[in-house]
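[1] just a sequence and a predicted model for now, questions to come.
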Amino acid sequence: MLIYATHAGGRYLPLAESFAVQPEGKRSFYMNITNHCNCACTFCLRQKKKMAEASTLWFHGAEPTVEELKAAIAGAPLDRAKELVFCGFGEPTMRLEVLLTLLAYAKSLAPALPTRLNTNGLANLEYGEDVTPRFEGILDTISISLNASNAQRYYELTRAKYGMESFDGMLDFAVRAKAHVPHVVLTIVDQVEGPEEIARCRELCEERGLTLRVRPYEAN
Ligand code: SF4
């Protein structure tokens, strides 16, 4: 499933089914481009391999090509989308060139449609350079998983490929993104961390001029 919408009960539905179930109103369109990730978060459904493979968000065999993904965007009723979100069942920046191509393509088809990227914020570490300028003009919101208030806890939860450096790399990515993306939001899941840890995350974001959003836990 390349583009889907979310429904009550944590259900993911392909767009046609989504509009059949709920014909009225705009909704967020979610785009799934990869199952790969440079983290192995303890709470990620990808860790429960059997469940993940049974999901319609899991790509069996090859991942979709950029042409297939462009065709999915062109064929979607974009006039009925509230926003186009790149999130998927993996980390979208693992396919950075594809992601950038699709963001630009979506903007060319529907310039007023807001775009959002949900990311772990590790792309600068992954590519060894600052990639945030490449989002200029094609990305409206970047939502970065903060997960924790310190490097140790972050690493325990995410088991990120870059080890203890990952936390600072993610925060640096967030600060740099502010110069190129209108809305930069850091997120933490309410049930994973307690109120004290969430308060520390809030302070850390305030110090850097970043917005924190505490979001409810979704069992993927
Ligand atoms: S960053 Fe996202 S996709 Fe990657 S392991 Fe963590 S929760 Fe899963």
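    Received it, and whenever you're ready, just let me know what you need. Numbers count the residues shown, from 1 in each chain.

[2] Cys37 touches Leu45, doesn't it?
    No: using Cβ atoms under 8 Å, Cys37 is not in contact with Leu45, being 11.3 Å away. In short, each C-beta sits where N, CA and C put it, glycine included.

[3] looking at these two, which is more packed in?
    It is Cys37, of Cys37 and Leu45, that has more neighbours when counted by other Cβ atoms under 10 Å, with 21 against 16.

[4] mind listing what that one touches?
    Shown in contact with Cys37 (Cβ atoms under 8 Å, 6 or more residues apart in numbering): Cys44, Arg46, Gly90, Glu91, Met94, Asn120.

[5] among the residues you listed, which one has the lowest pLDDT?
    Lowest model confidence among the contacts of Cys37 falls on Arg46, which carries 75.

[6] that residue contacts Phe89, correct?
    Yes: under the contact definition of Cβ under 8 Å, Arg46 touches Phe89, with a separation of 6.6 Å.

[7] quick one, strands of the chain?
    Listed from the start of the chain, the chain has strands (DSSP state E) covering 3-7, 11-14, 27-31, 81-86, 115-119, 141-145, 183-189, 211-215.

[8] quick one: closest of the ones you listed to the ligand.
    strand 141-145 (6.1 Å; Cβ to the nearest ligand atom).

[9] what about the closest one, distance to the chain center?
    Averaging C-alpha positions (Cα atoms, centre = their mean, to the nearest Å) puts strand 141-145 7 Å from its chain's average.

[10] does anything pack onto that strand? Which helices or strands?
    With contacts taken as 3 or more Cβ pairs under 8 Å, 6 or more residues apart in numbering; DSSP states H and E, strand 141-145 sits against strand 115-119, helix 166-177, strand 183-189.

[11] in JSON lines, list those along with distance to Leu125.
    Written out in JSON lines, the entries for the helices and strands packed on strand 141-145 read as follows (distance: least, Cβ to Cβ, whole Å):
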{"stretch": "strand 115-119", "distance to Leu125": "12"}
{"stretch": "helix 166-177", "distance to Leu125": "4"}
{"stretch": "strand 183-189", "distance to Leu125": "17"}
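
[12] geometric centre of this structure: which residue is closest?
    Closest to where the C-alpha atoms of the chain average out (Cα atoms, centre = their mean) is Asn118, at 1.8 Å.

[13] OK, contacts around that residue?
    Applying Cβ under 8 Å, 6+ apart to Asn118 gives the contacts Val85, Phe86, Cys87, Pro92, Ser143, Ser145.

[14] if you set the cut-off to 7 Å instead, what comes out?
    Asn118 sits next to Val85, Phe86, Cys87, Ser143 when contact means Cβ atoms under 7 Å, 6 or more residues apart in numbering.

[15] and these, which two are the farthest apart?
    Pairwise distances across those peak at 10.1 Å for Phe86 and Ser143 (criterion: Cβ to Cβ).

[16] now the common contact residues for the two.
    Both Phe86 and Ser143 are contacted by Leu117, Asn118, under the criterion Cβ under 7 Å, 6+ apart.
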